[in-house]
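K.L.:
Predicted model and sequence follow; I will ask about them next.
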Amino acid sequence: MDQPTDASIQAVAALDEPTRRRLYDHVVAEPAPVSRDEAATALGVPRTTAAFHLDKLVEEGLLTTVFARRTGRTGPGAGRPAKLYRRSDLEIGVSFPERQYDVAGRLLATALEDAEASGCSPRQALERRAREYGESAGRIHPGVPLAEVLQAHGFEPRRNGPALDLANCPFKALAKDHPDLVCNMTLHLLGGLLDGLGGTGLQAVLEPQPAHCCVRLTPAPH
């Protein structure tokens, strides 16, 4: 599952500096990559200031650099390629509390494709895709405590006796509008996660609680 990281938060925080934000907005608004001189002229700031902030935006992953000769000349005597800046392909999203709407969107889209290709019901396809996704997420965390995995993926687990309550739903807005569909998807996703981790002694069950995820993890029957 996708998750915000300290690097993502730092990247977003980098845009809080006014000049840096103006430079970022200028670069992404231009149809072609922008040089330091062009950015400095456009914003009316010293070239060294523009260079510092542009390179900081590259460091944070918000911009990327390319090198090209603006004159179009090649070969000896053409001069050194200029360092140019453009928006990077990195997608950064941060939300508090954490949401995973991109995960839900991918699961729903692939389930619909499966249903159209196989003739099964979209709900059955979604259940299968959600369980497979959860199993995959569990298998990549061998030996990691369940609570840590759940916390990393935004569920905010809270110990309640032998069970785990999940204080946050990563799909909250979707679950509010489509509770039956989305809660069932979450149930199968978490069931798959438990299977992928193995040895937790817990099972995923639908037990909606106010201000919590609709799924709880309770002791599995022997």
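P.N.:
Structure received.
K.L.:
pLDDT score for residue 182?
P.N.:
Note on residue 182: pLDDT of 96.
K.L.:
who touches the helix or strand that contains it?
P.N.:
Residue 182 belongs to helix 179-197 when assigned by DSSP states H and E. The contact list for helix 179-197 (C-beta atoms under 8 Å, 6 or more residues apart in numbering) reads 104, 107-108, 123, 126-128, 130-139, 141-142, 144, 146, 149-150, 155, 169, 171, 174-175, 200, 202-206, 208, 213-215, 217. Where you see a C-beta, it was placed from the backbone N, CA and C, and this is true even at glycine.
K.L.:
where does this structure have low pLDDT?
P.N.:
1-7, 70-79, 92-97 (pLDDT under 70).
K.L.:
Domain parsing of it, as residue ranges.
P.N.:
6-87, 101-219 (automatic domain parsing).
K.L.:
sorry, back to before: next structured bit after the helix holding residue 182?
P.N.:
Downstream of helix 179-197 (by DSSP H and E), the next one is strand 202-206.
K.L.:
Return the set of buried residues in the next helix-or-strand element following that following strand.
P.N.:
Downstream of strand 202-206, the first helix or strand assigned by DSSP H and E is strand 215-219. Of the residues in strand 215-219, 215, 216, 217, 218 count as buried by neighbour count, 16 or more other C-beta atoms under 10 Å.
K.L.:
Just put these in JSON lines and tack on distance to residue 62.
P.N.:
Below are those laid out as JSON lines (distance: C-beta to C-beta, whole Å):
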{"residue": "215", "distance to residue 62": "36"}
{"residue": "216", "distance to residue 62": "39"}
{"residue": "217", "distance to residue 62": "38"}
{"residue": "218", "distance to residue 62": "43"}
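K.L.:
So which of these is the closest to residue 44?
P.N.:
residue 215 (54.6 Å; C-beta to C-beta).
K.L.:
does that closest one really touch residue 203, like I thought?
P.N.:
No. The criterion here is C-beta atoms under 8 Å, and residue 215 misses it with residue 203 at 10.1 Å.
K.L.:
most tightly surrounded among the domains of the chain?
P.N.:
domain 101-219 (a mean of 17; mean count of other C-beta atoms under 10 Å).
K.L.:
Can you get me the start-to-end distance on it?
P.N.:
29 Å (C-alpha to C-alpha, to the nearest Å).
K.L.:
i'd like the first residue to be 3 from this point on
P.N.:
That works, and once the first residue is 3, the last one we named lands at domain 103-221.
K.L.:
Tell me the gap between that domain and the middle of its chain.
P.N.:
With C-alpha atoms, centre = their mean, to the nearest Å as the basis, domain 103-221 stands 16 Å off its chain's centre.
K.L.:
How about the secondary structure of residue 29?
P.N.:
helix (DSSP: H, G, I helix; E, B strand; the rest coil).
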